[in-house]
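[1] Got a predicted structure here, sequence first:
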Amino acid sequence: MNAISKDILQFLKSRGFLDGKSSLDEHESLTETGVIDSIGLLQLVDYLESSYKIEIPMEIITPDNFDTLAGISQSVMNLKK
Amino acid sequence: MAMDTIVCKKCALDSETPGITINADTGLCQFCEHYTPLSPQKKEEFKAQMDALFASIPKHGKYDAIMALSGGVDSSYALYRLKKEYPHLRVLAVQFDNGFISDTAFKNAQKFCELTKSTYFRLVLDNNLLRDTFKKAASSKDAYPGFAKYRASDMCNTCMSIIKQKLVEMAIHTKTPFLVFAFSPGQTEVPFVTLTKPFMIWIRKLFDAQLKTMGVAERDLYLMDQEAIAASPPDTEVIIIHPFLVWEYDKHQFKEDIIRMGWTEPDLQDPNSSNCLLNAYAIKNHFDKYHIHSYAYDQSALVRQGNIKREEALKTLHTKFSETAMKDVERRLNAQNK
């Protein structure tokens, strides 16, 4: 798991989306496993924008890009370039 | 509350609530430990952003903004304030009749629409189906993600999701660019949300799955119109605005102001709602299922932000509900329209 995925996982734990002991596979769906919903996604986007000093265009927030730790961290890396 | 329950020193969350840990050294819950207040500079940025949005409205339809108006304190005040600060806005105020709205709330909503020269619309869905859906939400477990259980009860999450879906649908149909929701700063953290077409499709799919988990068969009634989304241009956008993340939030002051303007307080015996009869029942149902008071997170966030006092939040969260009111809601939930 890369540093961004670990950071997202830490955010999800610290904000109560996941309990402290739970873990997640990088490719597991965050919505289908019931970790997050649309409002949670927006909180995560807000966190990523301020932490990584990026602007996440809403059009990239789709299940393909934003439903797994791997997808989100890849999107963040692409936007940081 | 058990004798060994530890309440966070700063807010109202306690160690009895699943998922809440109180640090033995600091006496703070994990939310207070990670809390960073919004800087005045950030607030100014939000205000400038809201001013800019309302200054350049694309005039495609009959309305500039659709507002979710419950007739309670927050939304009545928000409508008044919105029109006071942006008098040019053409507002369609939508009150969702979930079958449990108090008569006083209906009167309040209409009064505030007259006062602000806004268009009033009462959104009505099939009452029998709605009651059945609320009963399914009450008897279901884990239809919503973990964190949603802190945000609202399963019944209220269902009701609010229906409102959001139908209001987005109305915004698409009427070509209205903005949706305004009077959520408290304890209920949401994001002041502006741009809903793009792919995101609308996704949130529709998510709510559909949640309804399915609850066992709701007639789901299309509650979801935004799939055909309308499909037929809309690819660059369709609806911007959701939460003005209480921009303005100061002082519920006592709001109430004083709106009472002066003719708002009437309903007799609901519920410290958490000034419009919906179902709310207290939904809180109790949620607490019985998960041992989570569905207003604990909201109230605690308001304490953390300095919007209310800790004692006030604790008092609100420990108010006992009237057994008669609970039985009345149960009777109404089980009633069938002829």
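    That came in fine, so what should we check first?

[2] Can the longest helix anywhere in chain A be said to contact chain B?
    The residue-count maximum for a helix in chain A (DSSP state H) belongs to helix A:38-52. Yes - counting by Cβ under 8 Å from any Cβ of the partner chain, chain B is contacted by helix A:38-52 at A:38-40, A:42-43, A:45-46. Every C-beta, even on glycine, is put in place using the N, C-alpha and C of the backbone.

[3] okay, those in CSV with neighbour count next?
    Below are the residues of helix A:38-52 next to chain B laid out as CSV (neighbours: other Cβ atoms under 10 Å in any protein chain shown):
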residue, neighbour count
A:Ser38, 22
A:Ile39, 24
A:Gly40, 21
A:Leu42, 21
A:Gln43, 18
A:Val45, 20
A:Asp46, 15
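
[4] now those residues as JSON lines including pLDDT and distance to B:Arg122?
    Output for the residues of helix A:38-52 next to chain B, formatted as JSON lines (pLDDT from 0 to 100; distance: Cβ to Cβ, whole Å):
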{"residue": "A:Ser38", "pLDDT": "81", "distance to B:Arg122": "26"}
{"residue": "A:Ile39", "pLDDT": "80", "distance to B:Arg122": "26"}
{"residue": "A:Gly40", "pLDDT": "85", "distance to B:Arg122": "31"}
{"residue": "A:Leu42", "pLDDT": "85", "distance to B:Arg122": "29"}
{"residue": "A:Gln43", "pLDDT": "85", "distance to B:Arg122": "32"}
{"residue": "A:Val45", "pLDDT": "91", "distance to B:Arg122": "34"}
{"residue": "A:Asp46", "pLDDT": "87", "distance to B:Arg122": "33"}
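
[5] I'd like to know which of those residues is nearest to B:Glu169.
    Nearest to B:Glu169 among the residues of helix A:38-52 next to chain B: A:Ser38, at 15.3 Å, using Cβ to Cβ.

[6] rewinding a little: packing partners for the longest helix of chain A?
    helix A:3-14, helix A:69-80, helix B:148-151, helix B:197-214 (3 or more Cβ pairs under 8 Å, 6 or more residues apart in numbering or on different chains; DSSP states H and E).

[7] Is chain A within reach of the last one?
    Yes - among the residues of helix B:197-214, B:198-199, B:202-203, B:205-206, B:209-210 lie within reach of chain A under Cβ under 8 Å from any Cβ.

[8] Just the buried positions in that helix, please.
    Across helix B:197-214, burial judged by 16 or more other Cβ atoms under 10 Å in any protein chain shown covers B:197-204, B:206-211, B:214.

[9] Also the second one?
    Burial within helix A:69-80, assessed by neighbour count using 16+ other Cβ under 10 Å, is assigned to A:69-73, A:75-76, A:79.

[10] Report pLDDT for residue 56.
    Since you didn't name a chain, this refers to chain A. For A:Ile56, the pLDDT comes out at 92.

[11] that answer is for a different chain, and I need it for chain B
    As predicted, B:Ser56 sits at a pLDDT of 89.

[12] One more: B:Arg131?
    Looking at B:Arg131, its pLDDT is 96.

[13] Would you mind extracting the C-alpha trace of the helix or strand containing B:Lys164 into CSV?
    Assigned by DSSP states H and E, B:Lys164 belongs to helix B:154-174. This file holds the C-alpha atoms of helix B:154-174, laid out as CSV (Å, rounded to 0.1, in the frame of the first residue of the first chain):
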residue,chain,number,x,y,z
ASP,B,154,-31.7,5.3,9.5
MET,B,155,-35.2,6.8,9.2
CYS,B,156,-33.9,10.4,8.8
ASN,B,157,-31.1,9.3,6.5
THR,B,158,-33.8,7.7,4.3
CYS,B,159,-36.0,10.8,4.4
MET,B,160,-33.1,13.2,3.7
SER,B,161,-31.8,11.1,0.8
ILE,B,162,-35.3,11.1,-0.8
ILE,B,163,-35.4,14.9,-0.5
LYS,B,164,-31.9,15.2,-2.0
GLN,B,165,-32.7,12.9,-4.9
LYS,B,166,-36.0,14.6,-5.7
LEU,B,167,-34.5,18.1,-5.4
VAL,B,168,-31.7,17.3,-7.8
GLU,B,169,-34.3,15.9,-10.2
MET,B,170,-36.3,19.1,-9.9
ALA,B,171,-33.2,21.2,-10.5
ILE,B,172,-32.5,19.2,-13.7
HIS,B,173,-36.1,19.5,-14.9
THR,B,174,-36.4,23.2,-14.1
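
[14] quick one: B:Thr194 and B:Thr236 touch, right?
    No - using Cβ atoms under 8 Å, B:Thr194 is not in contact with B:Thr236, being 10.8 Å away.
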